[in-house]
Each structure stands twice: as C-alpha cells, then as structure tokens.
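Participant: quick check, what structure comes out for this input:
(chains A and B)
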Amino acid sequence: MRDPVADKLAENEARFVDISGVHKLFGSGKSRFHALAGVDLRIAKGEFVSIIGHSGCGKSTLLNLVAGLYLPTTGTVAVNGKEVSAPGLDRAVVFQSHSLLPWLTVLENVLVSVDSVHPGKPKEFRIAEAKRFVEMVHLGAHIHKKPGQLSGGMKQRVGIARAFAADPQVLLLDEPFGALDALTRGSMQDELTTIWESNRKTVMMITHDVDEAVFLSDRIVLMSNGPAATIAKVVDVPIPRPRTREALLEDSHYLEIRKELLHYLIGTGHAAAA
Amino acid sequence: MIMDTGKSPAAAASPVKPKPKPIGQHVISERPKPMLAGLNKMETNMPKPLVKPAALLPTPSEDPERAARIRDRARTFIMPLVAIFFLCLFWEIYSSRDGVTLPGPIKTVTESWKLIAHPWFDNGPNDKGLGWQLLSSLQRVATGYSLAAVVGVLLGIIIGKSAMAFKALDPIFQVLRTIPPLAWLPISLATFNQANPSAIFVIFITAIWPIIINTSVGIMRIPADYENVARVYRLTGHRYFFKVMLPSAAPYIFTGLRISIGMAWLAIVAAEMLTGGVGIGFFIWDSWNSSRMSDIIVSVFYVGLVGLLLDRIMAKIATLFGTSGD
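Facilitator: Numbers count the residues shown, from 1 in each chain, chains lettered A, B, ... in the order given. The predicted structure follows:
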C-alpha cells in the first residue's frame, strides 16, 4: 500500500529546489545576451550542491534566479513547491563581496535579517538571537565593530551569520570565499562544514575552486562555457561525512573526482581560449 | 592623525618634557654657526617666538623626518602671514597715490576702529554694531537654508527614486537652477509684498538646487550590493530608509548642503542691499551711500570670515555624519 501524502512529500523533498527549462536573456536588440540556455536542475532537501565553471558561464545568474533577484525569461524556478517571483528570507544569500552595510556594526548587520524574521518579537529577544548567530561564527569579541575594522574572512563570517539568522530554507552562497587568501579560505570551509553538519540546510554554492567543491558538496554541477551556458555534467561526491581534510586525502573517490573535474575544466578552458 | 600632531613642535620644544639629552643650552651650542656675529647675538638675546622653537629642535641629523614635518608645519603658518603682509603693503602703496579714494589698511583700521572694537553696540534700529548686522543676516540665511535643506532632500529623494519623477522634473530644475539669485527678487517681492520673507525666499531658491541635485545623485548611486541585501533580507519601509538609503546617500547629501551654504551666504548680501533693514548687505550699501569706505572694507572682511566659518562648520558636520567607508 502506498501512501499518496507521503509520496507527495517525498517528491517535494527530492525536488526541493526545482529549476526546469530555464532560459535567461539580458538586454534586447543587438545588445541581447543569452546567458543561460535550458537549465534543468533539481536539488533535494538537505543537499549541498556546488556549481562550478569558468568565469562568465552564468553561475551567478543561476544563483540570482533562485534568489529571485532575477526572473527567468522562460522556464520556472520553484523552491519547496512555490514558484520564485521575488527575493525572500527563505532563500538567504551570502554575497561574493560580503555586502555588509558599512555603517552598521556586526551585531546590527545580523539584526537586519533577525528583525525581518521576527518583526513582532521584543527587542531583547532579537538582540539575543542576533548574538547567538554572531557567536556561531566566532565573532563574539567583535560584536560592536564596523565592517571596516574587520578582516576579509571576518566580514564573510558576518555575511554567513546574517544568512543563517534568516533561518532560510535554501542557503545560496555566491563564491563566498573567492576573495579570501588560501589559509583563511581553508578555515572558513572547515567552519562552514561544521555549521552545515549541525543543521543540514539545503545549500547551493557557486565556486571555482575544485577542492572546495569536493570537500563541501554532495553533488557538483559543471556548467558549460557561456554565452548560452547550460549544465554539462553532474558529478556525485560519495565521500562519507563528516569529512576532514586528512581523511579526504586517503579517500579513493577524492582523487578520482578531482581528476574528473579538472579534466573537464582544463578541456573547456582550452575550448574557451581557442 | 590628531594624536600625531600632539607630539610635534610644541612638545618637542618643551623643556619640561623629560628627554635623554637636555635641550636648550646644549642644542643651541650645537646649532650651525650663523654667518654674522651680530646676527648670532641678536638671536640669542631677543625673544623671537617664531625662531625660538626652531632653535630648540633636534638637529636634522637626529630625526630628519620630524624636522621636515615641523618645517612644513611652520611654513603653513608663516607663508600666509607673509602673503598677507605683502598684500597689505601693496594696498597701502596703491591707496597712498594721488587721486585714489580707497583707504589703505592703516586708515581703514583707524577710521573704522569703533566698528571693529565694538561689534555689539546698539543705538536704535538704524545704528547697530557689525555683530548685530551679521547676526540678522545669519538669521535669514538660517531660515531660508533650513527650508531649502528639508525641501531639497525630500525632492532629491523623490527624483532619485522615481525614474518618472526624474524625467518630469529634471528639465525644469536644470533651467531654474541657472537663474541668478537676484533675478528671483522681484518675483519674490511681488509674491510676499514684504522685504524679509522675500530675502528668505531668495536664499531658499538659491540654496535648494545643489541639495536636490546631489541628493538625487546619491540616491541613484546606492550600490547594487546594498539594494540586493535590502531585497533579500526584506529591508523595507522606514528600515530601508534609515539603514540603507540615507547612510548610503549621506556623503552626497552633505556635499550638496556644503555647496548650498556658500551660495546662500553669497546671495544674502546682494538680496539685503536691495531689501534694506538690519543686515550686513544693507549695511554695506548704506555705508556706500554715506561714503564710509573704510566701514565697507571692514564689513566685507567680516562677510568673508563668516562665509569661511559657515563652510568649515558644514565640512565638520559632513565628516561627522560621513560614512567610514568599507
């Protein structure tokens, strides 16, 4: 006996983020630019998916479509069964350029999203909530500093705290560690996995760092080169969690996947250059 | 920056401050010998405030950077004084020629000493000190300028946020803002039938354009990053206004406000010459009619000082409210 309600729920969870037949064009007339051509992607609830590809392949466009900052020219984007028509707190974004408001303190920047999630709650509650998220990213000592007084990694941690404070259904990371030096990036990745392991949010992350993608993701989506970019390949990452960098180096899948990704990227890199 | 200035010339020259080497006598003896014996004597015996600190400084070989910094700072004070001295000298020479009615600096000070020494005398409505004249002009400027600031910022926000309002109003503003302040005065007098509100209106209409234009540019240039943050994290209504829009546009708004205060002060003198009453503009005009040239020169000097002061105050406020950047 099959339960239709349970089936429906399972179906919904399997296609928690549902991108189907999406084309995105910018501008019109001669300056028209075909950014995405026929993208189909499903992300299950609690899944960590990375999108990787060369610059200008429409990765960020895809993320902005899920965020609702852009709308698809044709096709649909749906999250949790609802079509995306505008940005919202259920799809929090960690921006590439951290995009903290420079005139607000760390706490106030996180409060921006807490206040939107709990508009009716008393101020003490909201401040305590914001503090909780600032402490989650280990910035408790810098709570009253302005972004200008923080290092690049710290700023991005505030961006992550702000996104998690929105309690989103989907977390969208747009090259979150792209602007950081290699050492900071490593520790930020460790921190992100720890946070992710504890709450298992659905995550869509843009990156062009192969190791980062393998270390963090359940699946990796490879994009073809633009214009008119689309999904070229989807690679599963069957490495057991929790993952550590040391264990990763021992893992037989790791080198294989890494090789596959690099082969693809180097190949398309030559094609793009030719 | 400010902490840095604390330990330069005065502190370095101060004999009270404990130092590894005693300053004063010791350093003076180390100084390179002057060419002339007479000069040497004069320097050591006479109290010369401008030279004395330099004499107590560590020699350049000790700390060349600090010495350069002090020399530079001394120059910023001394050079304007030198320029003023020569300006007054040429002025005096020019005024002393035959047939020139312009009083020289010495004659100006002696003739108008009453005006310089007693800015706050009050012998009835037609004979008040310069302080009162400037104060009533400042009052008019304050009223007109405050109105312009409020209306200008609001209009700037509207045309900055709405493309439609921008298309509709921008051409009108572009024409209106080129009209010289005084051209508004007859219209203003016809409308208000009174001198004081007319003068205030002239200030208002002069000051408003830079505020509108700079505010609207500031609003249009809110970085897309911040707009995206506002959209994703649902910053709407007053939260958007106070957390994103105003702080982001603040540097532009304050630039507009600073340009405007200068223009308002330029306009008030001209407007008051025509409207009369108590005020520095009419005082200058009245002095001209009674051939008190030295009074005019003193007044003009004060007009300049007050203008400079207004500009500096606005600049200070702008840095207080200006964003720290990222």
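
Participant: how far away from the center of its chain is the helix ranked longest in chain A?
Facilitator: Taking DSSP state H as the criterion, chain A has its longest helix at helix A:252-273. Relative to its chain's centre, helix A:252-273 lies at 21 Å (Cα atoms, centre = their mean, to the nearest Å).

Participant: near A:V84, how many other residues are there?
Facilitator: A total of 24 residues lie near A:V84 under the criterion other Cβ atoms under 10 Å in any protein chain shown. In short, each C-beta sits where N, CA and C put it, glycine included.

Participant: what does chain A put close to chain B?
Facilitator: Within chain A, the residues that sit near chain B (Cβ under 8 Å from any Cβ of the partner chain) are A:67-69, A:86-89, A:91-93, A:95, A:97, A:99-104, A:112-113, A:115-116, A:146-148, A:162, A:166.

Participant: let's see that with 7 Å instead.
Facilitator: Applying Cβ under 7 Å from any Cβ of the partner chain, we find that chain A lies next to chain B at A:67, A:69, A:87, A:89, A:92-93, A:95, A:97, A:99, A:101-104, A:112-113, A:116, A:146-148, A:166.

Participant: shouldn't A:L69 be within a helix?
Facilitator: No - A:L69: not assigned to a helix; according to DSSP: H, G, I helix; E, B strand; the rest coil it is coil.

Participant: contacts only, for it.
Facilitator: A:L69 makes contacts with A:P87, B:N228, B:R231, as judged by Cβ atoms under 7 Å, 6 or more residues apart in numbering or on different chains.

Participant: most surrounded residue in those residues?
Facilitator: Neighbour counts for those, by other Cβ under 10 Å, peak at A:P87, which reaches 21 neighbours.

Participant: for it, phi and psi?
Facilitator: Backbone torsions of A:P87, given as degrees, to the nearest 10, read phi -70, psi 160.

Participant: that one and A:Y70 touch, don't they?
Facilitator: No - counting by Cβ atoms under 7 Å, A:Y70 is not a contact partner of A:P87; they are 9.8 Å apart.

Participant: how about the helices of the stretch 1-150 of chain B, start to end?
Facilitator: B:2-6, B:9-13, B:25-30, B:37-45, B:52-56, B:64-95, B:105-111, B:113-117, B:130-161 (DSSP state H, counting those that start in this stretch).

Participant: helix or strand right after the helix or strand B:I211 falls within?
Facilitator: Using DSSP states H and E, B:I211 sits within helix B:195-220. Note on helix B:195-220: by DSSP H and E, the next helix or strand toward the C-terminus is helix B:224-232.

Participant: what is the mean pLDDT for that next one?
Facilitator: For helix B:224-232, mean pLDDT is 94.

Participant: and that helix, anywhere near chain A?
Facilitator: Yes - counting by Cβ under 7 Å from any Cβ, contacts between helix B:224-232 and chain A involve B:D225, B:Y226, B:N228, B:V229, B:R231, B:V232.

Participant: what's that helix in contact with?
Facilitator: A:A67, A:L69, A:P87, A:A92, A:V93, A:F95, A:S97, A:S99, A:L101, B:Y240, B:V244, B:S248.

Participant: and the last one, backbone torsions?
Facilitator: The one in question is B:S248. Torsion angles at B:S248 (phi, psi; degrees, to the nearest 10) stand at phi -70, psi -40.

Participant: that one: how many residues sit nearby?
Facilitator: Other residues close to B:S248 by other Cβ under 10 Å number 20.

Participant: in terms of pLDDT, where does it sit?
Facilitator: pLDDT at B:S248 comes out at 93.

Participant: tell me the contacts of the nearest residue to it once chain neighbours are set aside?
Facilitator: Leaving out its chain neighbours, the residue that sits closest to B:S248 by Cβ to Cβ, 6 or more residues apart in numbering or on different chains is B:I222, at 4.6 Å. Taking Cβ under 7 Å, 6+ apart, we find B:I222 in contact with B:V244, B:M245, B:S248, B:A249.

Participant: what residue ranges in the chain score low on pLDDT?
Facilitator: Just going to use chain A. Where chain A drops to pLDDT under 70, the residues are A:1-2, A:271-274.

Participant: you looked at the wrong chain, it should be chain B
Facilitator: B:1-62, B:322-326.

Participant: 50 instead, please
Facilitator: Applying pLDDT under 50 to chain B picks out residues B:1-52, B:54, B:323-326.

Participant: which residue is nearest the centroid of it?
Facilitator: Nearest to the mean C-alpha position of chain B, by Cα atoms, centre = their mean, lies B:L308 at 2.1 Å.

Participant: which secondary structure state does that one sit in?
Facilitator: Under three-state DSSP, B:L308 comes out as helix.

Participant: quick check: it vs chain A, distance?
Facilitator: 30 Å (Cβ to the nearest Cβ, to the nearest Å).

Participant: how far does stretch B:73-92 sit from the chain's center?
Facilitator: Using Cα atoms, centre = their mean, the offset of stretch B:73-92 from its chain centre is 19 Å.

Participant: export that stretch to CSV, keeping only CA atoms.
Facilitator: Output of stretch B:73-92 as CSV, limited to C-alpha atoms (Å, rounded to 0.1, in the frame of the first residue of the first chain):
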residue,chain,number,x,y,z
ARG,B,73,54.0,73.0,9.7
ALA,B,74,55.8,76.2,10.4
ARG,B,75,55.6,77.1,6.7
THR,B,76,51.8,76.6,6.7
PHE,B,77,51.5,79.3,9.4
ILE,B,78,54.3,81.6,8.2
MET,B,79,53.6,81.7,4.5
PRO,B,80,50.0,83.0,4.7
LEU,B,81,51.3,85.8,7.0
VAL,B,82,54.0,86.7,4.6
ALA,B,83,51.4,86.8,1.8
ILE,B,84,49.0,89.0,3.9
PHE,B,85,51.9,91.3,4.8
PHE,B,86,52.8,91.9,1.1
LEU,B,87,49.1,92.3,0.1
CYS,B,88,48.6,95.0,2.8
LEU,B,89,51.9,96.6,1.7
PHE,B,90,50.8,96.9,-2.0
TRP,B,91,47.3,98.0,-0.9
GLU,B,92,48.9,100.8,1.3
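
Participant: next, the buried residues of it.
Facilitator: Within stretch B:73-92, the residues that count as buried by 16 or more other Cβ atoms under 10 Å in any protein chain shown are B:A74, B:W91.
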